[in-house]
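Novice: What shape does this take:
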Amino acid sequence: MTTTALLRELRRELEEGGLRGSFLVRDLRTGEEVGIDPEVEFPSASLVKVPLAIAVLERVHAGEIDGAAPVLVQPGGVTTFGPTGIARFRHPARVAVDDLVYLSTCLSDGSAADALLEFTPPDRVAATLRAAGLVGITVRHAAGELHHTPVDRLNPDEGHLAHSLAIDAGTAGRGHRIPQLDVARASTGTARAFTDLLQALWVPSKIHPEVAARVRWLMSNNVLRHRLTPDFASDATTWSSKTGSLLNLRHEIGVVEHSDGAMYAVAALTESRVPAVHQPGAEALMARVARTLRDHLRAGGVG
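Specialist: Predicted coordinates for the structure are as follows:
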């Protein structure tokens, strides 16, 4: 199948599945790539925790902060929101900076991310990206802001109402009544920008090699592996990734490394038009689309 025909078919599948998607798959050895609307800007949700990890670890490497330094986190002192990690603690805890980076990246712990942002704020993260020559990713607010949406003010059985608002309250220009979904106010990125970020971590770049290696390790130990992992992980591959979720947004970025040395960066950013909290079909569809694009590129279908 030609690339044009394949993209037409994948767009049809996404439309029928109630998804709008922005995808990009890049061969990190050759630079060849294939994608669907990779320039469309999306609120990044927890994907922003990868740039945060880079910024903090660059400061640790430069000796500006001590990775072993303990940070006192009070229950509710940073943020009381989030399904995992420190947000669920009941007592004060001292957590080392390095371990906060682990919790933020591997468990997508919003409270750990906000503790890091207290001394490495969004403008410092943005400056780190600029210094690495990376553009197209904005960092505008703390991770706790992701949990100040309508869904957090509704009863658990009313989550579909918040999703309906998320679907219906946007504008053609990507504005939104919910600030965290408004590309002018939220932290944002594109599939292309996040693919560039992955390339900078896996291919020698302006990111210090020790920092890049640590972030690659963190992403390889990501515990949230329900989205693209089933289509990319195997005995012959290593899949390293980070997810991002917010209301009707479902994202994942990652790199699949094959035993034969091939490496592909994958960025999948999606929004659903289905007003439901749990959508395993959407997860499976975005994974299938990303895998199909990778398979097409690996088979030499682009050229």
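Novice: Below-threshold pLDDT in the stretch 51-200 of the chain: ranges please.
Specialist: Applying pLDDT under 70 to the stretch 51-200 of the chain picks out residues 75-83, 141-177, 179.
Novice: all helices in it, in order from the N-terminus.
Specialist: Using DSSP state H, counting those that start in this stretch, the helices of the stretch 51-200 of the chain run over 97-106, 110-117, 122-131, 159-168, 191-202.
Novice: Surely V255 and W202 touch.
Specialist: Yes: if you go by Cβ atoms under 8 Å, V255 and W202 touch, sitting 5.5 Å apart. Backbone N, C-alpha and C define where each C-beta goes, glycine included.
Novice: between these two, who's got more neighbours?
Specialist: V255 (23 against 19; other Cβ atoms under 10 Å).
Novice: what about that one, helix or strand, and which?
Specialist: Taking DSSP states H and E as the criterion, V255 maps to strand 249-258.
Novice: Which pLDDT value belongs to V289?
Specialist: Note for V289: predicted pLDDT of 98.
Novice: can you count the residues close to it?
Specialist: If you count neighbours by other Cβ under 10 Å, V289 ends up with 25.
Novice: In terms of helices and strands, where is it?
Specialist: Using DSSP H and E, V289 falls in helix 280-298.
Novice: Residues touching that helix, excluding its own?
Specialist: Contact with helix 280-298 is made by 1, 3, 6, 10, 13-14, 17-19, 21, 23, 25, 27, 32-36, 226-228, 230-232, 250, 252, 256, 262, 264, 266, 268, 270, 272, 274, 302, as judged by Cβ atoms under 8 Å, 6 or more residues apart in numbering.
Novice: How about stretch 29-37?
Specialist: Applying Cβ under 8 Å, 6+ apart, the contact partners of stretch 29-37 are 3, 7, 10-11, 14, 21-27, 191-192, 195, 261-263, 289, 293, 296-297, 301-303.
Novice: Just the CA atoms of it, as CSV, please.
Specialist: The C-alpha trace of stretch 29-37 is given here as CSV (Å, rounded to 0.1, in the frame of the first residue of the first chain):
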residue,chain,number,x,y,z
ARG,A,29,19.0,6.0,12.2
THR,A,30,17.9,7.4,8.9
GLY,A,31,15.6,10.4,9.8
GLU,A,32,12.8,9.0,7.6
GLU,A,33,9.4,9.6,9.0
VAL,A,34,5.7,9.1,8.4
GLY,A,35,2.8,10.8,10.3
ILE,A,36,-0.7,12.1,10.5
ASP,A,37,-1.1,15.8,11.2
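Novice: now it, how far from the chain's geometric center?
Specialist: From the chain centre to the centre of stretch 29-37 is a distance of 19 Å (Cα atoms, centre = their mean, to the nearest Å).
Novice: Let me know the average pLDDT across that stretch.
Specialist: Here stretch 29-37 scores 97 as its mean pLDDT.
Novice: now do stretch 268-280
Specialist: Mean predicted confidence for stretch 268-280 is 85.
Novice: Please, a PyMOL command that selects the buried ones among the contacts of helix 280-298?
Specialist: In PyMOL, the members of the contacts of helix 280-298 classed as buried (16 or more other Cβ atoms under 10 Å) are selected with the following command:
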select buried, resi 6+10+14+17+18+19+21+23+25+27+33+34+35+36+227+228+231+232+250+252+256+262+264+266+268+270+272+302
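Novice: List phi and psi for the residue sitting nearest the centre point of the chain.
Specialist: Centroid-nearest residue in the chain: L47, 2.4 Å away (criterion: Cα atoms, centre = their mean). Phi and psi for L47, reported as degrees, to the nearest 10, are phi -60, psi -30.
Novice: Contacts only, for it.
Specialist: G189, F194, K242, T243, G244, H251, I253.
Novice: what do V255 and W202 both touch?
Specialist: Counting by Cβ under 8 Å, 6+ apart, the contacts common to V255 and W202 are L28, R216, M263, A265.
Novice: Show me what the last one bridges to in the sheet.
Specialist: Here A265 sits in beta bridges with R26, V255, as judged by DSSP bridges.
Novice: Endpoints of stretch 271-285, how far apart?
Specialist: 12 Å (Cα to Cα, to the nearest Å).
Novice: Buried residues of that stretch, list them for me.
Specialist: Of all the residues in stretch 271-285, those buried under the rule 16+ other Cβ under 10 Å are E271, S272, P275, Q279, A282, E283, A284, L285.
Novice: now swap in stretch 43-62 and tell me
Specialist: Going by 16+ other Cβ under 10 Å, stretch 43-62 has these buried residues: 43-61.
Novice: And stretch 125-138, by the same measure?
Specialist: Buried residues in stretch 125-138, counted by 16+ other Cβ under 10 Å: V125, A126, T128, L129, A132, L134, G136, I137, T138.
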